[in-house]
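Peer 1: Quick check, what structure comes out for this input:
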Amino acid sequence: MIGTDTKEVERKVLAILKVLSESQEALGARVIAQRLKNYGVDLGERAVRYHLKLMDERGLTLLAGHDGRLITQKGIEELGDALVGDKVGFAIARIEMLAFRTDFDLDEGKGSVPVNISFFPKRKFSRALGMMKPVFAAGLCVSERVAVAREGQQLGELTVPEGHVGLATVCSIVINGTLLKAGVPIDSRFGGILQIRNRKPLRFVELINYAGSSLDPSEVFIRARMTSVRGAAEDGNGKILANFREIPAACRSIVERVTGRLNQIGLGGLLVMGNTSEPVCEIPVELNRIGMVLVGGLNPVAAAEEAGIEAQNHGMSTVMDYKKLTRIWEL
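Peer 2: Sure thing, here's the model as predicted:
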């Protein structure tokens, strides 16, 4: 049986490997310590250096330059295999941290918003845009604002790999973040596949519980080709990425005000808000609570993948300044 101290060390090692796996370049202890906070891990720079030294000895990381580290193939394998139980819940932790980091001001229309990052092969990006724009036009996205970066440039904390173009799309966690700032507790329950019929939400056909997942459910569904976003955008019938949240019934008026204001600014995402204690899209709702269905921010990317244009997706990735985002039509 693994001792408590040993297990705690392994948990920190896993978090450091996760941070390194998301970077295309070597990272120093200071940057790693900052990014660990996204996973709810509070380690000082000195402590990170200590763990990195142990990880170097185990062959999980490789020293590159003065203080930078890269994850090795062994480290990637360890990340995939080790402490499965500790990886459960990574998704919900990520949602909560990004909601906390969202500081978008509803009145000023500025501040940081959460984004997903996708990397497309450079030669296929123009075609990918052609596949995605009808999805933006149909409103099957959180916002029509995006950010684009070329190889070697950064989107938030991620560097675009060689031979790729990076695309940032606004994530539905923007609603979590703005509601959190308005004093509304929101329970993020599921990511799923929502069936659309005659351009209206019908029912969820697949669900993954955030609290039991180490991955963003949207990434899983896209990889498995379980969506038909293009059909939903073109003729109003298909299956899209969506998320299920719950709020206390007493907060309804605040939620309506906040989401209404977000919509005016161009940050939508709310598809359905149910009635107190009543099911929404066939999902049961707790007593004295209200169910909400939010559109998935990666739907445009899913449409490109349906057309055979594969992307490296990092759902619920980071936050970016809203003012630095560009309308998709200007690309």
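Peer 1: which secondary element of the protein has the worst mean pLDDT?
Peer 2: helix 84-87 (a mean of 55; mean pLDDT, DSSP states H and E).
Peer 1: packing partners for the helix or strand that comes right after it?
Peer 2: Using DSSP states H and E, the helix or strand that directly follows helix 84-87 along the chain is helix 90-101. Contacts defined by 3 or more C-beta pairs under 8 Å, 6 or more residues apart in numbering; DSSP states H and E place helix 90-101 against strand 112-121, helix 173-181, strand 187-197, strand 312-321. (Glycine included, C-beta is placed from N, CA and C.)
Peer 1: Of all the residues in the shortest one, which ones are buried?
Peer 2: Judged by neighbour count using 16 or more other C-beta atoms under 10 Å, the buried positions of helix 173-181 are 173, 174, 175, 176, 177, 178, 179, 180, 181.
Peer 1: The fourth one against residue 185, yeah?
Peer 2: Yep, that's residue 176 we're talking about. No: counting by C-beta atoms under 8 Å, residue 176 stays clear of residue 185, with 10.0 Å between them.
Peer 1: List the buried residues of the longest helix anywhere in the chain.
Peer 2: Longest among the helix segments of the chain by residue count, using DSSP state H, is helix 4-21. Residues 11, 12, 13, 14, 15, 16, 17, 18, 19, 20 are the ones in helix 4-21 that count as buried (16+ other C-beta under 10 Å).
Peer 1: same deal with stretch 223-233?
Peer 2: So, applying 16+ other C-beta under 10 Å, buried residues of stretch 223-233: 227, 228, 229, 230, 231, 232, 233.
Peer 1: next one: stretch 269-280
Peer 2: So, applying 16+ other C-beta under 10 Å, buried residues of stretch 269-280: 269, 270, 271, 272, 273, 274, 280.
Peer 1: The fifth one and residue 290, how far apart?
Peer 2: Distance of residue 273 to residue 290, computed by C-beta to C-beta, to the nearest Å: 6 Å.
Peer 1: Find residues that contact each of those two.
Peer 2: Counting by C-beta atoms under 8 Å, 6 or more residues apart in numbering, the common neighbours of residue 273 and residue 290 are 252, 255.
Peer 1: Output the below-cut-off pLDDT ranges for the stretch 201-331 of the chain.
Peer 2: 214 (pLDDT under 70).
Peer 1: which strands and helices sit next to the helix or strand containing residue 78?
Peer 2: Assigning secondary structure by DSSP H and E places residue 78 in helix 73-81. Under the contact definition 3+ C-beta pairs under 8 Å, 6+ apart, helix 73-81 sits against helix 4-21.
Peer 1: Please enumerate the helices of the stretch 151-300 of the chain.
Peer 2: For the stretch 151-300 of the chain, applying DSSP state H, counting those that start in this stretch gives helices covering 173-181, 217-223, 229-235, 252-265, 299-306.
Peer 1: Just the CA atoms of the first one, as PDB, please.
Peer 2: Once non-C-alpha atoms are left out, helix 173-181 reads as follows in PDB (Å, rounded to 0.1, in the frame of the first residue of the first chain):
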ATOM      1  CA  ILE A 173     -17.000  28.500 -18.500                       C
ATOM      2  CA  VAL A 174     -17.300  32.300 -19.100                       C
ATOM      3  CA  ILE A 175     -20.800  31.800 -17.700                       C
ATOM      4  CA  ASN A 176     -19.500  30.100 -14.700                       C
ATOM      5  CA  GLY A 177     -17.000  32.900 -14.100                       C
ATOM      6  CA  THR A 178     -19.400  35.800 -14.500                       C
ATOM      7  CA  LEU A 179     -22.000  34.100 -12.300                       C
ATOM      8  CA  LEU A 180     -19.300  33.400  -9.700                       C
ATOM      9  CA  LYS A 181     -18.400  37.100  -9.600                       C
END
